[in-house]
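Asks: fold the following for me, if possible:
(one chain, ligands or ions: 3)
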Amino acid sequence: MSKEYYLENRRRLTRSLMSKKVPANSLIFLKGNVYYPEFDSDTNYDPLLCDPNFKYLIGPEYRELSACFHLLSENLYFIIPKPDPDTAFFAYAMTQDEAVGTWGAKGVIYEEELEKFINEIKPEKILLSSGIDSNSGHATPTYDNPELAKFATIVDKTILFPALNDLRTIKSEQDIEFLRKACAMTCLGHKQAMKNVKVGMREFNLAALFFSQTLEMDSWAYPPICGSGPNAAYLHYELNTDEIKDGHLILCDMGAKYKGLCADITCTFPANGKFSKWQELVYNVVLKAQVNAVAKLRPFADYGEIQTGSYKDLLQGLVDIGLMKGDVNEMFAKNIHRTWMPHGLGHFIGYKTHDVGPRKNDTDSSYFRLPEVKLNRGMCVTVEPGIYFIDILLNQAKQDSNISNFFVFDKIEEAKKEVGGVRIEDTLAITENGYDNLTNVPRTVKEIEAWMAS
Ligand code: GLY
Ligand code: MN
Ligand code: MN
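Replies: Ligands and ions are numbered 1, 2, ... in the order given. Take a look at the predicted model:
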């Protein structure tokens, strides 16, 4: 049952804070969902836009919901604005019954009554989450209420955010079970899109097919990327407005979110169900690199080294199929892999698609990215090599006499007519002895063609 899961997460946090000498008589405040209207209207941009730290510790994602809990008593309270008869009917708000029955809280309090509430508890400290996310550079949500100003002397904004970052870096067994379910739904959705794609559909129809299968998902983990033909060369192509044409290779990068856990999976397949010559050749280069990289995942493996191996596998594969020529180590030293794959091999995944990692030091909240760390049990990661025919990078290479002689441009032009880009992406958990691949979709050319024909 959910409420026990969130209570356990709060207990993990409590243990961590106690080890940092935070007094047990402390209150933790978290801001949850934000009403985030589009820039020129009152339409809510994303009804499930919730602070992942709130989701991890508390659970529900309703509009304008915040929460507070007391370390010593474990009492949980939801905080909402006092319902206004002129606007309260727009959105669901947490009720006393739900707070107590479903979430195991003591009840709901109103923002306007916070001073009274705090004066009754008389906490020694009030902890707020505040920090900059390393991936985006954006400030994360901080609970804020004018009544808190009266308690400024006991408010601390330095301890909570890094403590939560550390907890979220290593996933619990239950986190991984939720992620497994997010991935299972995501795979069903991908298989549905793959099987039902038809020439003449628009790219967004693939996202619709995906969502039709992910019945228990909370929401998408990130906006679907469905690039057909040349659009597959844009890493985060999210327009999805073009028509799917005969002969196109399609790159679908789509993930479901389940109980806050995000899946991130990419499949690449031919619109008409049959790989053309260059589609098959390029696809198999990426698949080989992907399989090799996945096989190296285990505790203490250096993800940066795995990434280097993967870039070299891709370059070797491109030599083998005649799109490049020369020595792979020399190409790697000249950064030529960046022309074909201008992104990292993978990232941490969890309560965010691009999730937090181990922190760099104790004094701020910046964290390492996956290629900068050694793996550990409980980390969840993606492995997502790709090859993309990106005009601006290929033209740059052509004009750079230092590297242009490694490229076989007439063959590249030929292949580019059939392939915009290929990415193959799995979501996995690191286990005691290796990894648990949470992704199960048709992967080989044979499997994909058979699935699409079935
Ligand atoms: N879907 C975004 C990524 O693969 O990182
Ligand atoms: Mn990814
Ligand atoms: Mn992805």
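Asks: is it true that Pro223 touches Asp253?
Replies: No: applying C-beta atoms under 8 Å as the test, Pro223 and Asp253 come out as separate, 9.7 Å apart. Heads up, the C-betas are built off the backbone N, CA and C, glycines and all.
Asks: those two: which has the busier surroundings?
Replies: Asp253 (25 against 14; other C-beta atoms under 10 Å).
Asks: quick one: which helix or strand includes the more buried one?
Replies: Here Asp253 sits within strand 249-254, counting by DSSP states H and E.
Asks: that strand near ligand 3 anywhere?
Replies: Yes: using C-beta under 5 Å from the ion, strand 249-254 reaches ligand 3 at Asp253.
Asks: apart from its neighbours in sequence, what residue is nearest Pro358?
Replies: For Pro358, ignoring the flanking residues on the chain, the nearest one in space by C-beta to C-beta, 6 or more residues apart in numbering is Phe368 at 5.3 Å.
Asks: check which helix or strand covers the residue in the stretch 51-200 of the chain positioned nearest to ligand 3.
Replies: At 10.2 Å from ligand 3, Thr186 is the closest residue in the stretch 51-200 of the chain, using C-beta to the ion. Element membership for Thr186, per DSSP H and E: helix 173-196.
Asks: next SSE downstream of that helix?
Replies: Next along from helix 173-196, by DSSP H and E: helix 203-213.
Asks: for that following helix, packing partners?
Replies: Counting by 3 or more C-beta pairs under 8 Å, 6 or more residues apart in numbering; DSSP states H and E, the packing neighbours recorded for helix 203-213 are helix 173-196, strand 225-228, strand 249-254.
Asks: adding mean pLDDT and distance to Gly357, write the ones you listed out as CSV.
Replies: Formatted as CSV, those follow (pLDDT from 0 to 100; distance: least, C-beta to C-beta, whole Å):
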stretch, mean pLDDT, distance to Gly357
helix 173-196, 98, 15
strand 225-228, 98, 23
strand 249-254, 98, 21
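Asks: any chance of these in TSV, with distance to ligand 1 too?
Replies: Conversion of those to TSV gives the following (distance: least, C-beta to the nearest ligand atom, whole Å):
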stretch	distance to ligand 1
helix 173-196	11
strand 225-228	6
strand 249-254	5
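Asks: who wins for proximity to Thr427 among these?
Replies: Closest of the helices and strands packed on helix 203-213 to Thr427 is helix 173-196, at 5.3 Å (criterion: C-beta to C-beta).
Asks: from the stretch 51-200 of the chain, which residue is nearest to ligand 1?
Replies: Relative to ligand 1, the nearest point of the stretch 51-200 of the chain is Asn135 (10.2 Å; C-beta to the nearest ligand atom).
Asks: phi and psi next, for the spatially closest residue to that residue that is not a sequence neighbour.
Replies: Once flanking residues are discounted, Asn135 sits nearest to His354: 4.8 Å by C-beta to C-beta, 6+ apart. Main-chain torsions, His354, degrees, to the nearest 10: phi -100, psi 100.
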